[in-house]
Structure formats: structure tokens, C-alpha cells
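**Student:** Build me a model:
(4 chains)
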There are 2 protein chains.
Amino acid sequence: MAYRTTEARLERDQALREHILGCALHQVADGGFAALTMNSLAESAGIATGSLYRYFPGKAALACEVFTRATRVEIDSLKVAFASQGDAAHRLRRGITQFATRAWHSRQLAYALIAEPVEAEVDAQRLRYREAYAELFTRLIREGNADGSFNVPNIPVTAACMVGTVAESLIGPLSPQARALRASGLPSESLESVTSALTLFCLRALGAKESDHANH
Amino acid sequence: MAYRTTEARLERDQALREHILGCALHQVADGGFAALTMNSLAESAGIATGSLYRYFPGKAALACEVFTRATRVEIDSLKVAFASQGDAAHRLRRGITQFATRAWHSRQLAYALIAEPVEAEVDAQRLRYREAYAELFTRLIREGNADGSFNVPNIPVTAACMVGTVAESLIGPLSPQARALRASGLPSESLESVTSALTLFCLRALGAKESDHANH
DNA sequence: TGAAGATCTGAATCCTGATTCACTGTTCGA
DNA sequence: TCGAACAGTGAATCAGGATTCAGATCTTCA
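**Tutor:** Numbering: from 1, shown residues only, chains lettered A, B, ... in the order given. This is a model prediction of the structure:
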């Protein structure tokens, strides 16, 4: 025996894997999944194309992991907001505002995660995580029904509507086309006006009391 | 001169073009845009691959036209429902129910038009038609604000939310995954429960009076 | 240190499906 | 009916990006 997988090696492997994922995320945040090619990724990570295949079985798996990690951050962050102080209506408002704000501040990434055309495997992840979002809304709505904030008969479908409302109301403003418009100096909706309209829309849709609709 | 484009020829060209588009629509309705390849289309239309290029400059243009035509039918149909008798709240309910029902009855096509990953050119059409839908909602909301049915401060953003709600609430039930579930006999939401929850969601979201929420 | 084994490299290859084009078949008007 | 121009054919080509693999290089430990 003249070679053995040593501690140091394992660590460097792990570190390099993270480095690759970091570079990949950077590329996606910069130009969407369309900009994520094995060649450009290898170059930006400073390794050879073939080496990527020691760390990932193929492009699809790599892209899925980038998607999954980035999305988990958002889900966890929404979960925290939904679990904060106050009644369900307040927590809903807080969560939605936070979600929209985060998306607004990294538009290309948000667009890539929510709406960009992607390979089938990544799209399947989207579906999975769409359900994860729906699950968060489901819980919040259930709590709101209990604490008197909301009055929702069909919780699963309503949760899906919420996911749709939030996601798609942002697709417009986040889309490359809209960003091009904005860049060209044409007038466009501000983050504040979008979030306040979105919040009102959602609170009303869930049957929240009028008194909860006011902004604060 | 020994050849001139004759009347009969023009008509046959036109007819063949329609025939091709019909076959293409059929393929999309059957297996989504993924199933639309130039080779299979040529075969199903009974002509050679190369001949397709006499009728369309390329695949993208062909796919766009399929998308556009199919979508226009839906838009026109929604427009009619929104312009029917009654106050805005009734017309909204009618339109949404009709839209959901039509989608439900041709799921694969609806999914292809709303959510399937497609080539960039077709996706650009989607964006354009998303705006067309938003325009319909914008008008209806404006009328509803006027006739006392609704009470919406920010109409453009709210219209986008409506597009999102309707579209995405159907993506789940329409997606191949959900259809697989359904096929495997697991319990799933019925059209009726989806539409009634969706209608309530939308009416509330627009600030309709309680009395308009009841089903009829 | 050196041999065994692991890893890295990147140009060549493969894959998939759109697109082309040399050739054959059709249509038109005289 | 003929020849000029157009239309149809489908196998061959192309495109672009993922994947492979035959060396080259690096690591480990007796």
C-alpha cells in the first residue's frame, strides 16, 4: 500500500467542492442558469472541465444543488419571519415584505430561482420547493384561522394561490425585460408600492379584518 | 415566362401551412412543447423535414405561432366572459371559473402554455401574453372600482397578482407530476373545490363586498 | 527516494436536434 | 407537349454544449 485517502485530502476535497458551488452560484446570480456552463464554471473555479466530474456526477446534479442551496436560504428566512412575534396577519406582512425585498435586491438570482427557463431536473426541484413554500403558508394560514386573523375555508388551494401571487407578482418586475426597461430610464413600480399592494392583496385574500390592512 | 404563382397554389400553400400548425398544436397538446421536433412534426404532417422551412423561417417562429394562436383563444374567451352581463364581481367569477375549467379539460396544453420550460423565444411570448391577461384584469378591476364591486388602490400590481394567482394555482394541479399522482389513484383536489377556493380568494383580494362572496 | 495509486488536464468526442442543399418531382404557360 | 421556374425530399451537415479519457502530475508512505 502506498497511497491512502488522508485527512488533509478529504478536507481539501470538501473545500474545493464548496468553492465550485460558490463559483456556480456566482455565475447564476450574475447571468442566470443560462450562464452556467461546465466550461465557464471550470474556468472561473480555476480548474479543468473534467475535474468538475470528480465532484459532481453531471451538470444537472450541480445545477440542482445550486438551486437547492439558494432556495433553502430563502425558505428558512421566510420561515423565521413567519415564526416571529405577533399575530398571523402581522407575521404574514413581515414575511412577504422581507421576501419581496430580498428578491428585489438580487433580482437576477431571484428570477433564476423563480422563473428562468431551466433544464428539466432543476425545474423538478422548483416544483418540490414550491411545495415547501406552500407548506409554510399552510401553517401560517392554519394559525391565522385559529387566532382570528384569517378565515380560510380551503387551506391547501389558498396556500397555492399565495405562492402564485407572491412569486408571479415579482416575476414581472424581476424579469430581464423589466430590468431592461428600468435601465433605460422608463418609469416603473417601486419596491415600496409593490410590497404594499401585494400585502394588501394577500391580507384581504385570506379574509383578514379591515383593521389589519393598514400599513405599519 | 413559364411559371407564375397561381391562385390555386396560394390556396394550397395556405392550407398546408394551416395543416402544419394544426399538427404542431396537436403535438403540443399531446406532449407539450418538448414533443414538438421538426422531424416528428414533418412526419405527422406527412411532409419532409426540409419542407417545413418553406412555411416557417425556423423552429422558434413555428413554436411561437403555435403558442400565440392557442393563447389568443384563451384570452379572447376570457375577454368575452369579462364583458358579459352583471357587475364586475359576477363577471370576475364567471371568467375565472371558465378559465380554470378550460385549463382543466386540456391539462397538457394548459400546462404547456402556462408553465412548461420552453425555448427563449416562446418564453418571450409568454411574457407578452402575461401582459395581455394583466390588461384584461386591469380593465375589469377599473370597472369594479367604479361600480362598487371592488376597492383596489394599486391597479397594475393587483392585476399582476391576479394573473399570478390564477396561473400558478393551476400549475400545481396541471403539472405532469400532479397528473401522475392523479393517475396513480391518489386523492386530489377536484375542479370544483379549486375554482370555488380560487374565486373566493380573488374576490376577497379585490376587496369585494362579503355579499358577493357567496357561490352561485 | 521511488513506486503505486489518486487526481488533474483539456482537446477530442459524443449527443441531440435544428438546418441545409443537391437532387427529384410538379406546375405553369406557350 | 416542352422547358422554365418552383416545390418537395431526406440524408448529410452543423452547432453548441456536456462528457470522456489518455496522458501528465501530484501524494502517500515503506
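
**Student:** Low-confidence ranges, chain A, go.
**Tutor:** A:1-6, A:215-216 (pLDDT under 70).

**Student:** residues touching the residue most central in space within it, list them.
**Tutor:** Of all residues in chain A, the one closest to the mean position by CA atoms, centre = their mean is A:T71, 4.2 Å from it. Applying CB atoms under 8 Å, 6 or more residues apart in numbering or on different chains to A:T71 gives the contacts A:L113, A:Q125, A:Y129. C-beta here means a position set from N, CA and C on the backbone, and glycine is covered the same way.

**Student:** tell me the secondary structure for A:S196?
**Tutor:** Of the three states, A:S196 takes helix under DSSP: H, G, I helix; E, B strand; the rest coil.

**Student:** Surely it is in contact with B:N154?
**Tutor:** Yes: at 7.4 Å, A:S196 counts as touching B:N154 under the criterion of CB atoms under 8 Å.

**Student:** Break chain A into its domains for me.
**Tutor:** Domain assignment for chain A by automatic domain parsing gives A:1-56, A:67-212.

**Student:** now, of these, which is deepest in the fold?
**Tutor:** For the domains of chain A, the largest average neighbour count (mean count of other CB atoms under 10 Å in any protein chain shown) is found in domain A:67-212, namely a mean of 19.

**Student:** Just confirm yes or no for that domain near DNA strand D.
**Tutor:** No: with CB under 7 Å from any atom of the strand as the criterion, DNA strand D is not reached by domain A:67-212; the gap is at least 8.4 Å.

**Student:** Put together a markdown table for the domains of chain A, with distance to B:A205 on each row.
**Tutor:** Listed next are the domains of chain A as a markdown table, based on distance: least, CB to CB, whole Å:
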| stretch | distance to B:A205 |
| --- | --- |
| domain A:1-56 | 30 |
| domain A:67-212 | 4 |
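
**Student:** Nearest approach to B:A61 belongs to which of those?
**Tutor:** domain A:67-212 (17.7 Å; CB to CB).

**Student:** for the closest one, the distance to its chain's centre please.
**Tutor:** 9 Å (CA atoms, centre = their mean, to the nearest Å).

**Student:** How about stretch A:41-54?
**Tutor:** With CA atoms, centre = their mean, you get 26 Å for stretch A:41-54.

**Student:** got the CA positions of that stretch in PDB?
**Tutor:** Listed next in PDB are the C-alpha coordinates belonging to stretch A:41-54 (Å, rounded to 0.1, in the frame of the first residue of the first chain):
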ATOM      1  CA  LEU A  41     -17.600  27.300 -14.500                       C
ATOM      2  CA  ALA A  42     -14.300  25.300 -14.700                       C
ATOM      3  CA  GLU A  43     -12.500  28.400 -15.800                       C
ATOM      4  CA  SER A  44     -14.000  30.600 -13.100                       C
ATOM      5  CA  ALA A  45     -13.200  28.000 -10.500                       C
ATOM      6  CA  GLY A  46      -9.700  27.700 -11.800                       C
ATOM      7  CA  ILE A  47      -9.800  24.000 -12.600                       C
ATOM      8  CA  ALA A  48     -10.200  21.900 -15.700                       C
ATOM      9  CA  THR A  49     -13.500  20.900 -17.100                       C
ATOM     10  CA  GLY A  50     -13.000  17.300 -16.500                       C
ATOM     11  CA  SER A  51     -12.300  17.900 -12.800                       C
ATOM     12  CA  LEU A  52     -15.800  19.100 -12.200                       C
ATOM     13  CA  TYR A  53     -16.900  15.500 -12.800                       C
ATOM     14  CA  ARG A  54     -14.900  14.300  -9.700                       C
END
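
**Student:** Can you give the contact residues for it?
**Tutor:** With CB under 8 Å, 6+ apart, stretch A:41-54 has contacts from A:L16, A:H19, A:I20, A:C23, A:A24, A:H26, A:Q27, A:M38, A:N39, A:L62.

**Student:** Same check on stretch A:11-30?
**Tutor:** A:35-36, A:40-41, A:44-45, A:47, A:52, A:55-56, A:62-63, A:65-66, A:69-70, A:106, A:108-109, A:112.
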